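Visitor: Next come a sequence and a model predicted from it.
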Amino acid sequence: MSHPLCYTVRMMIKEHKKPTYTLWNGVQLIATYPHTREGMNAAMLRASELGIGAKLYSSRDDLVWSARMADDMMDCE
């Protein structure tokens, strides 16, 4: 079953019918960005400032990135 936040994001996106990235910090929606390279760059820049609770979702792909994923990847090196 999908996470409740994902469901909420999908419903919001379906209403607007434009692909987007949404940035979350825990359960708080921080910002919505256009689904473009510039939007992804801006979202990643802002996410880097939020800490371990940051997650980036895509209306096309579900979870794209999380600070925990990045932290786990750093532990493997």
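Guide: Sure thing, it's come through. Residues are numbered from 1 along each chain as shown.

Visitor: Can you list the low-confidence ranges for the chain?
Guide: Filtered on pLDDT under 70, the chain yields the residue ranges 1-16, 70-77.

Visitor: what about the strands in it?
Guide: Here the chain has its strands, by DSSP state E, at 20-25, 28-34, 54-58, 62-66.

Visitor: could those be laid out in a markdown table, adding mean neighbour count and distance to residue 48?
Guide: Glycine gets a C-beta too; all of them are placed from N, C-alpha and C. Compiled in a markdown table, the strands of the chain are given as follows (neighbours: other CB atoms under 10 Å; distance: least, CB to CB, whole Å):
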| stretch | mean neighbour count | distance to residue 48 |
| --- | --- | --- |
| strand 20-25 | 22 | 11 |
| strand 28-34 | 16 | 12 |
| strand 54-58 | 22 | 8 |
| strand 62-66 | 15 | 10 |
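
Visitor: how about a markdown table for the ones you listed, with distance to residue 47 added?
Guide: Converted to a markdown table, the strands of the chain look like this (distance: least, CB to CB, whole Å):
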| stretch | distance to residue 47 |
| --- | --- |
| strand 20-25 | 6 |
| strand 28-34 | 8 |
| strand 54-58 | 4 |
| strand 62-66 | 7 |
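
Visitor: closest one to residue 41 among these?
Guide: Nearest of the strands of the chain to residue 41, taken as CB to CB: strand 28-34 at 9.0 Å.

Visitor: Give me the angle between the closest one and strand 54-58.
Guide: Between strand 28-34 and strand 54-58, the angle comes out at 40 degrees (axes from the mean of the first three to the mean of the last three CA atoms, to 10 degrees).

Visitor: Work out the sheet partners of strand 28-34 and label each with its direction, please.
Guide: Paired neighbours of strand 28-34 in the sheet (DSSP bridges): strand 20-25 (antiparallel).

Visitor: by how many degrees do the partner strand and strand 62-66 diverge?
Guide: Using the same axes, to 10 degrees: strand 20-25 against strand 62-66 is 50 degrees.
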